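Q: My questions are about this predicted structure, shown below with the sequence.
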Amino acid sequence: MPGKSNQQRLALDALNAAMLPVLEAAGAEFIDPDIIQPADVFLERSGEHIRSRTYLFTSPDGEELCLRPDLTVPACRYHLETAADPAQPARYCYAGKAFRHTPGETGTAPVREFDQVGLEVFGAGDTARDDAEVLALTLAALQAAGVSGYRIEIGDLGLFDALLHSIDMPERWRNRLKRQFWRPRAFRDLLRQLSAGKRKTRTAISGLLDEMEESRLDPVAFVERHLEAMDLQMIAGRTVEQVAGRLTEKLMDRSQPPLTAEQAGLIDDYLAIRCSPPEAVERLHAIEARTGAVFAGAVNLFEARIDEMMAAGLDVDGMEFAAVFGRSLEYYTGFVFQIEQDGPDGASLNIAGGGRYDTMLADIGSGAQIPAVGLAIQASRLLDVAGGGA
Amino acid sequence: MNGSSNMTLALPSKGRLREAAEAMFARAGFEIVKTGSARGYQGEIRGLNGIDVAFLSASEIAKALKDGTVDLGVTGEDLLRETIAPENPVADVVLRLGFGPADVVVAVPECWLDVAAVADLDQVAGEIYATHGHRLRVATKYLELTRRFFAGHGLTGYRIVESLGATEGAPAAGSAEIIVDITTSGSTLKANRLKVLEDGLILRSEAILAARREAMTKPVVANLRQRLELAI
């Protein structure tokens, strides 16, 4: 489509005019972040799966730029560059275009731009209450837009983190499990490998590890001698100490006792949870009884969030909690939610979503960590689903 | 590129690929003659009606197959796979031609003694982000092949640095940490003190005859395929 017709434009304007006051009434300042953004912050933050869909270009003065693929990062940059003290609480809302290349079915043109309405809440507050409020605001905005009959799925990435920290294992194993969390199959393979206790099949560097095991040299000296013998210089941003450190960890893995069946079972039992949030609280308590205080803290936060949702009048029994939800959403750190509705052809459409991303502002330059939680509503899609814009 | 109802076959216009392709067509009994001016980029195959020839660079051939400006082409499988997404491909391999072998591989600095496989890169990427504040950088001209391969391995903490030449020098030059590149004997990698990861083979490529999907079933293509097959 070459653009919006007058009628479509009016329908979108009407949607925005209905939804934005809901967000502004919650204390959000309506801002208009730049469409053209420095490419680096998106590329370093999101990696190739976003880059491959982002419109990148070079400015006449040589700067690497992009059309914003979302409005969350532009809102974060706006906050960091304009707030007198970025750590102080602030709320922003926006309505505008985001640009992502989405290939069409064969024979149809790609979709390149879509309209988004969103809210970001920055700065320390009451975590459970802020999380619940952001979901409540999403639903209030959808109601103002005349949308109903959707499904709500929620998740909590903080629970998984806390569970791993409640289970006794080397930190490097936790990191590996966390990194593979995004890939269900690889995660299962890794968990099986860590709990099987059998030595991994030999790799191209097993021989080197054998030598290291026999050697009387300390790891750094061992690596230095080996590099010297091969006439190799360290290149590509890593140090002898880092290489020696990872080799040492690999050696330690050889003698590390595997995860027990009970420990692996805890992880399996947690990941299997998919039910209404109140029922999930019960099941989380059952797991909590088998773990330590770290997980109990995360369960408390989950429960407090559910309480806040109920206090805000949300129908929590109608929602679904899935322990694995959020697996595909890399930058979130805690509460996550997604709202789906059936499109005109019956296929499920993701019409809104959001969550907590407490490390993003620090990652793009705030220095100290500043908590953040936000929502985004796919305004273009609301026009396609029943009731939207009515 | 094709005014008549003839199909267009794109052949490499330069280099070893061109020589090998021409030799193979000659063995199959096809004489390729240039039409138009002596330096022309068009031709025909004597003894095979219904096919016009266009001479293009190997990478242009993959793009032309994608766009549909040619129906058939001889190019490298690496270029075809890089240019045309594997799900629902608009063009695919008709015949592997048995020359121009090359592997597309992931290679890392030899001095990374602790790195054997793609799984190690995941941890090293985390380490590099923590130390330098940037992602693990991968120098390559194969953007799509790299993305697909790493996505299949669940590696996310990297960033591609597009490289249009001398890719294997990037780690030593400091413009990237690792590379995805083509190798035949491995000697260029070795000279640059790089090693291939043990599960780092992305594609075993060779020269191929490829066709647009709608051209695959044409009798003239079957004929071409049959005679080329005997000349491999």
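A: On my side now, so go ahead.
Q: can you give me phi and psi for the residue nearest to residue A:246 when sequence neighbours are not counted?
A: Leaving aside its sequence neighbours, residue A:246 sits nearest to residue B:114 (Cβ to Cβ, 6 or more residues apart in numbering or on different chains; 3.9 Å). The C-beta positions use only the backbone N, C-alpha and C, and glycine is treated the same way. With angles defined as degrees, to the nearest 10, residue B:114 sits at phi -90, psi 0.
Q: Show the contacting residues for residue B:114.
A: Contact partners of residue B:114, counting by Cβ atoms under 8 Å, 6 or more residues apart in numbering or on different chains, are A:205, A:243-244, A:246-247, A:250, B:120.
Q: Kindly report the same for residue B:197.
A: With contact set as Cβ under 8 Å, 6+ apart, residue B:197 has these partners: B:105-108, B:115-118, B:120-121.
Q: and with 7 Å instead?
A: B:106, B:108, B:116-118 (Cβ atoms under 7 Å, 6 or more residues apart in numbering or on different chains).
Q: Adjacent strands (with direction) for the top strand by length along chain B?
A: Using DSSP state E to define each element, chain B has its longest strand at strand B:194-205. Here strand B:194-205 is paired, per DSSP bridges, with strand B:102-109 (antiparallel).
Q: avg pLDDT for the partner strand?
A: In this model, strand B:102-109 has a mean pLDDT of 95.
Q: now that strand: how far from the chain's centre is it?
A: 14 Å (Cα atoms, centre = their mean, to the nearest Å).
Q: who's in contact with that strand?
A: For strand B:102-109, contacts defined as Cβ under 7 Å, 6+ apart pick out A:235-236, B:76, B:78, B:115, B:118, B:142, B:145, B:171, B:178-184, B:189, B:193-197, B:200-205.
Q: Ok, stretch A:301-319 next?
A: By Cβ under 7 Å, 6+ apart, the list of residues contacting stretch A:301-319 reads A:127-129, A:131-133, A:135-136, A:139, A:152, A:154, A:156, A:158-159, A:276-278, A:281, A:284, A:335.
Q: low-confidence ranges in the stretch 1-150 of chain A?
A: For the stretch 1-150 of chain A, applying pLDDT under 70 flags the ranges A:1, A:47, A:105-107.
Q: before we move on, back to that, follow the chain on from the longest strand of chain B and name the next helix or strand.
A: Going down the chain from strand B:194-205, the next helix or strand is strand B:207-212, by DSSP states H and E.
Q: ok, and does that following strand reach over to chain A?
A: No: Strand B:207-212 lies apart from chain A when judged by Cβ under 7 Å from any Cβ of the partner chain; the minimum separation is 12.8 Å.
Q: what about residue B:169, neighbour count?
A: Neighbours of residue B:169 under the rule other Cβ atoms under 10 Å in any protein chain shown: 17.
Q: swap that for residue A:5, please
A: 10.
Q: Can you report the mean pLDDT over the residues of stretch B:216-232?
A: The model assigns stretch B:216-232 a mean pLDDT of 84.
Q: Flag every buried residue along that stretch.
A: By neighbour count on 16 or more other Cβ atoms under 10 Å in any protein chain shown, the buried set for stretch B:216-232 is B:216, B:218, B:220-221, B:224, B:227-228.
Q: again with stretch B:180-194
A: Buried, per 16+ other Cβ under 10 Å, within stretch B:180-194: B:180-183, B:188-189, B:192-194.
Q: Show the contacting residues for residue B:134.
A: residue A:44.
Q: If we use 10 Å, what do you get?
A: Applying Cβ atoms under 10 Å, 6 or more residues apart in numbering or on different chains to residue B:134 gives the contacts A:40, A:43-44, A:237, B:128, B:159, B:177.
Q: Tell me if the longest helix seen in chain B is near chain A.
A: The helix that spans the most residues within chain B, counting by DSSP state H, is helix B:118-132. Yes: counting by Cβ under 10 Å from any Cβ of the partner chain, chain A is contacted by helix B:118-132 at B:119-120, B:122-129, B:131-132.
Q: out of those residues, which are buried?
A: Going by neighbour count (16+ other Cβ under 10 Å), the residues of helix B:118-132 next to chain A have B:119-120, B:122-129 buried.
Q: In CSV, list these along with pLDDT.
A: Formatted as CSV, these follow (pLDDT from 0 to 100):
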residue, pLDDT
B:119, 84
B:120, 89
B:122, 85
B:123, 84
B:124, 91
B:125, 89
B:126, 84
B:127, 88
B:128, 90
B:129, 86
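Q: quick one on the thing from earlier: show me which of the contacts of residue B:197 is closest to residue A:346.
A: residue B:118 (38.9 Å; Cβ to Cβ).
Q: and the closest one, how many neighbours?
A: 19.
Q: Pull up the per-residue confidence for it.
A: 89.
Q: contacting residues for the closest residue in space to it that isn't next to it in sequence?
A: Take residue B:118 and drop its neighbours on the chain: the residue closest to it by Cβ to Cβ, 6+ apart is residue B:153, 4.5 Å away. With contacts defined as Cβ under 10 Å, 6+ apart, residue B:153 is in contact with A:183, A:186, B:106, B:117-119, B:121-122, B:199-200.
Q: same deal with residue B:228?
A: For residue B:228, the contacting residues are B:21, B:24-25, B:27-30, B:74, B:94-95, B:97-98, B:209, by Cβ under 10 Å, 6+ apart.
Q: Now flag whichever of the residues you listed is closest to chain A.
A: Lowest distance from chain A to the contacts of residue B:228 (Cβ to the nearest Cβ) belongs to residue B:94, with 20.1 Å.
Q: Next, the angle strand B:207-212 makes with the helix or strand encompassing the closest one.
A: Residue B:94 belongs to strand B:91-96 when assigned by DSSP H and E. Orientation check (axes from the mean of the first three to the mean of the last three Cα atoms, to 10 degrees): strand B:91-96 against strand B:207-212 gives 140 degrees.
Q: Can you dump the C-alpha atoms of strand B:91-96 in PDB for me?
A: Provided in PDB are the C-alpha atoms of strand B:91-96 (Å, rounded to 0.1, in the frame of the first residue of the first chain):
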ATOM      1  CA  ALA B  91      15.300 -20.200  -7.600                       C
ATOM      2  CA  ASP B  92      17.100 -23.400  -6.600                       C
ATOM      3  CA  VAL B  93      19.900 -25.800  -7.700                       C
ATOM      4  CA  VAL B  94      19.300 -27.800 -10.900                       C
ATOM      5  CA  LEU B  95      22.700 -29.500 -11.000                       C
ATOM      6  CA  ARG B  96      25.900 -29.400  -9.000                       C
END
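Q: right, is stretch A:26-44 up against chain B?
A: Yes: shown here: stretch A:26-44 in contact with chain B (Cβ under 10 Å from any Cβ) through A:40, A:43-44.
Q: Oh, that last question was meant for stretch A:96-103, not what I typed.
A: Yes: in terms of Cβ under 10 Å from any Cβ, part of stretch A:96-103 sits within range of chain B, namely residue A:103.
Q: Please point out which parts of that stretch sit buried.
A: For stretch A:96-103, burial by neighbour count (16+ other Cβ under 10 Å) applies to A:96, A:98-100.
Q: With secondary structure as extra columns, can I get those residues in CSV?
A: As requested, the buried residues of stretch A:96-103 are exported to CSV (DSSP: H, G, I helix; E, B strand; the rest coil):
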residue, secondary structure
A:96, strand
A:98, strand
A:99, strand
A:100, strand
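Q: State the number of residues packed around residue A:110.
A: Number of residues near residue A:110 (other Cβ under 10 Å) recorded here: 11.
Q: again with residue A:17
A: 12.
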